[in-house]
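**Q** Show me how the following folds:
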Amino acid sequence: MSGHSKWASIKHKKGLADAKRGQAFTKLIREITVAARHGGGDPNANPRLRLVMEKAREANMPKDNVEKAIKRGTGELEGVTYEEVTYEAYAPGGVAMYIEALTDNKNRTTAEVRNILTKRGGNMAGAGATAWLFHKKGYLIVEKSAADEEKLMNLVLEAGADDLKTEGTAFEVTTDPKNFEAVKAALVAAKIPPTSAEITMLPTTTVRVAGGDAKAVLGLVESLEEQDDVQHVYANFDIPDEMLAEAV
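**A** Down below sits the predicted model:
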C-alpha cells in the first residue's frame, strides 16, 4: 500500500471533524454535479455518479443536497458550471504529486494551487512530468479480522481483481476501474464489507521520506486538500506508519 493511500485510509477511519464536514460536502456536491452533467442523472446508468453518491452516503450528506446537485448537473436547476483541471507538481524530498480540481475559475485556482506549493516547499511541474507515475485503479481495503486470506484471494480474483496484498492489519485489493464495482459487490455479498473502497490514482513507484521532509510533505498535502477547488491530491510518498498516524 502506498504511503498516501495508507494515510487516506487512516483519516477515513478517524472520520471527519465537524469543521471539515461542510467543506467535504461542498466537494462532494461539485463531484455529483459534474458526474451528472457528463453521464446523466440516473446512477444505475452512470457509474461515476453512483460511486460519488455512495461517498455522499458514507459522509452522511443529506439526501436533499444530493438530489439538488444532480438536478444542477442535468440542467433541471440553475447552477455554476465547473471545469475539470489537473496539476502536476513536486513536494519536498522529490515526491511526485497529481492534483485534480473542479473550478469555475481556472486562473484563480491555478494561482492558489501554485501559491500553496510555493509556501509549502513544493513546485508546479509541466504537463506530463508526474502523471505517468500514477495509474487509475479500483482500490479496496479489507481488515484481516474480516476474512481468511486464501478465501479472500479466491473471491476477489474470481470477481475480476488484479491483485491482493497484505499490509499491516489489512488486505489491499486493486482492480481495473471497470471491474471495481463487481469486486466490491462480491465482497458485500460474501459479508466481507471493505473499510474503504474507491477509484483512485495509485503510484507505480514510491519515494521514501522521513523526518522534516515527511512533515513538510504531509503539511503540503493537507494544505492542498483544504483548498476549496481541489478535489483529490495523489502523491507517491512512503512515510513511516507512526508518522502517518501522528499526522492525522
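**Q** Need the contact partners of the one helix or strand E181 maps to.
**A** Using DSSP states H and E, the element containing E181 is helix 180-189. Helix 180-189 is contacted from outside by 47, 50-51, 138, 140, 142, 155-156, 158-161, 173, 175, 193-194, 197, 199, using C-beta atoms under 8 Å, 6 or more residues apart in numbering. In short, each C-beta sits where N, CA and C put it, glycine included.
**Q** so how far is that helix off the chain centroid?
**A** With C-alpha atoms, centre = their mean, to the nearest Å as the basis, helix 180-189 stands 19 Å off its chain's centre.
**Q** Heading C-terminal from that helix, find the next helix or strand.
**A** Note on helix 180-189: by DSSP H and E, the next helix or strand toward the C-terminus is strand 196-203.
**Q** Quick check: can you name the pairing partners of the helix or strand that comes right after that next one and their directions?
**A** Downstream of strand 196-203, the first helix or strand assigned by DSSP H and E is strand 207-208. Within its sheet, and counting by DSSP bridges, strand 207-208 is paired with strand 237-238 (parallel).
**Q** Any idea how far the strand it pairs with is from the middle of the chain?
**A** 16 Å.
**Q** N65 and L152: what is the separation?
**A** To L152, N65 is 35 Å away according to C-beta to C-beta, to the nearest Å.
**Q** out of the two, which sits in the busier spot?
**A** L152 (20 against 15; other C-beta atoms under 10 Å).
**Q** Mind pulling up the pLDDT for the more buried one?
**A** pLDDT for L152: 96.
**Q** Tell me the buried residues in stretch 166-185?
**A** By neighbour count on 16 or more other C-beta atoms under 10 Å, the buried set for stretch 166-185 is 170-175, 177, 179-184.
**Q** next one: that stretch to chain centre, how far?
**A** With C-alpha atoms, centre = their mean, you get 14 Å for stretch 166-185.
**Q** Just confirm K137 contacts E172, I think it does.
**A** No: contact criterion C-beta atoms under 8 Å: K137 and E172 do not qualify, at 10.5 Å.
**Q** pLDDT below threshold where in this structure?
**A** 1-19, 247-248 (pLDDT under 70).
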